[in-house]
Structure formats: C-alpha cells, structure tokens
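[1] Show me how the following folds:
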Amino acid sequence: MTIIVSDYQTLHAPFGNEESIARVRYDFSKDAGTAGAFSLFEADGDIVITDFFVNVLTAFDSAGDAAVIDIGITGGDTDALVQDAGQARFALGSFVKADACLEGGSGEVRNLPLKVADNAVVAMVVKTAALTAGKCDFFFKYVRLAR
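    Reported below is the predicted structural model:
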C-alpha cells in the first residue's frame, strides 16, 4: 500500500551545479501510521542525493514496539538510505543519518551518493507493525545529475 504524506513534494533539479536542501515532514496526526510505503517526494529530473538525515520531533511508536523502517526509492531500492531500522532508532530528539553501508549482492556498498531517476519516488516504508505515533522532518541534500 502506498500513502502520500501530506507534506509530499516534487523535487525539481536545481540549476547548474547548485546544491539544494528539501525538508519533508511525516506527521502521524496527519498521515496516519499504517504499515506500507509513505511517499515523501518525486524527482522531476535526474538528481543525486548527496546527504540525508532525519530529525525526530515525536518518538515513533507501534503496538509491541515492533515497527521496522526502510527509507529509499520505491520500486527498487526501498532500503537504499535506511535499512531495517527498529523504531527505537526514531526516539524523541534522535538525529538519524543514512546507514553508512548497506548489503549488496557482492558485499557491502555505500549508499550515498544515491541516484534518483526522473519520476522516481522516495518513500519511508513501515514494516512489521503500523505506527501509532511519530513526527519527523526528513532532510535531503541533492544536486542535478545532468546538464
């Protein structure tokens, strides 16, 4: 199931070599917390995410503290930025960075920079148990790939 967060954005490729920062908010009170993919943004043009972090404003919670979270590109690398993070990683006041490395077919691979193709969607995927609370800001630093 795919849900679009109320703060969903289209990230337009910046001009020239300019770097941009986009902030997208997930808020349980507006976006609910069902298990599934919560679309955060769609790329309008090929972009590269050069940095990523999450500022947790309200702790994530779920029945039995069982929620597991991935963040990445839908239809492909849904865990390209954060993979199998337990909800405890999203505690009040936490500052969540992208995972340093992720499992790849031939061992560990770096996840940043991450290419996001034109029209691709980046989402937070809630697995195992639905969220019952939580609010955070996702920050994406990105550049245009093609000239």
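[2] Okay, now the sheet partners of the longest strand seen in the chain, with direction.
    When the chain is scanned for its longest strand (criterion: DSSP state E), the result is strand 47-62. Applying DSSP bridges, strand 47-62 is found paired with strand 95-97 (antiparallel), strand 114-116 (antiparallel), strand 131-144 (antiparallel).
[3] Average pLDDT for the last one, rounded please.
    For strand 131-144, mean pLDDT rounds to 95.
[4] gap between that strand and the chain center?
    The gap between the average C-alpha position of strand 131-144 and the chain average comes to 6 Å, counting by CA atoms, centre = their mean, to the nearest Å.
[5] in that strand, what counts as buried?
    Of the residues in strand 131-144, those buried under the neighbour-count criterion (16 or more other CB atoms under 10 Å) are 131, 134-136, 138, 140-144. (Glycine included, C-beta is placed from N, CA and C.)
[6] and the two most separated of these?
    Taking CB to CB as the measure, the buried residues of strand 131-144 reach their widest spread between 131 and 144, a distance of 33.3 Å.
[7] quick one on the thing from earlier: can you show me the CA trace of the longest strand of the chain as PDB?
    As requested, the backbone C-alpha atoms of strand 47-62 are provided in PDB (Å, rounded to 0.1, in the frame of the first residue of the first chain):
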ATOM      1  CA  ILE A  47      19.000  14.100  -9.200                       C
ATOM      2  CA  VAL A  48      21.700  12.700  -6.800                       C
ATOM      3  CA  ILE A  49      21.100  12.700  -3.000                       C
ATOM      4  CA  THR A  50      24.400  13.700  -1.500                       C
ATOM      5  CA  ASP A  51      23.300  13.800   2.100                       C
ATOM      6  CA  PHE A  52      20.300  12.700   4.100                       C
ATOM      7  CA  PHE A  53      19.200  12.900   7.700                       C
ATOM      8  CA  VAL A  54      16.000  12.700   9.900                       C
ATOM      9  CA  ASN A  55      15.300  15.000  12.800                       C
ATOM     10  CA  VAL A  56      12.800  13.200  15.100                       C
ATOM     11  CA  LEU A  57      10.300  15.600  16.700                       C
ATOM     12  CA  THR A  58       7.900  13.000  18.300                       C
ATOM     13  CA  ALA A  59       9.000   9.400  19.000                       C
ATOM     14  CA  PHE A  60       7.800   6.700  16.700                       C
ATOM     15  CA  ASP A  61       5.600   4.100  18.400                       C
ATOM     16  CA  SER A  62       3.800   1.000  17.500                       C
END
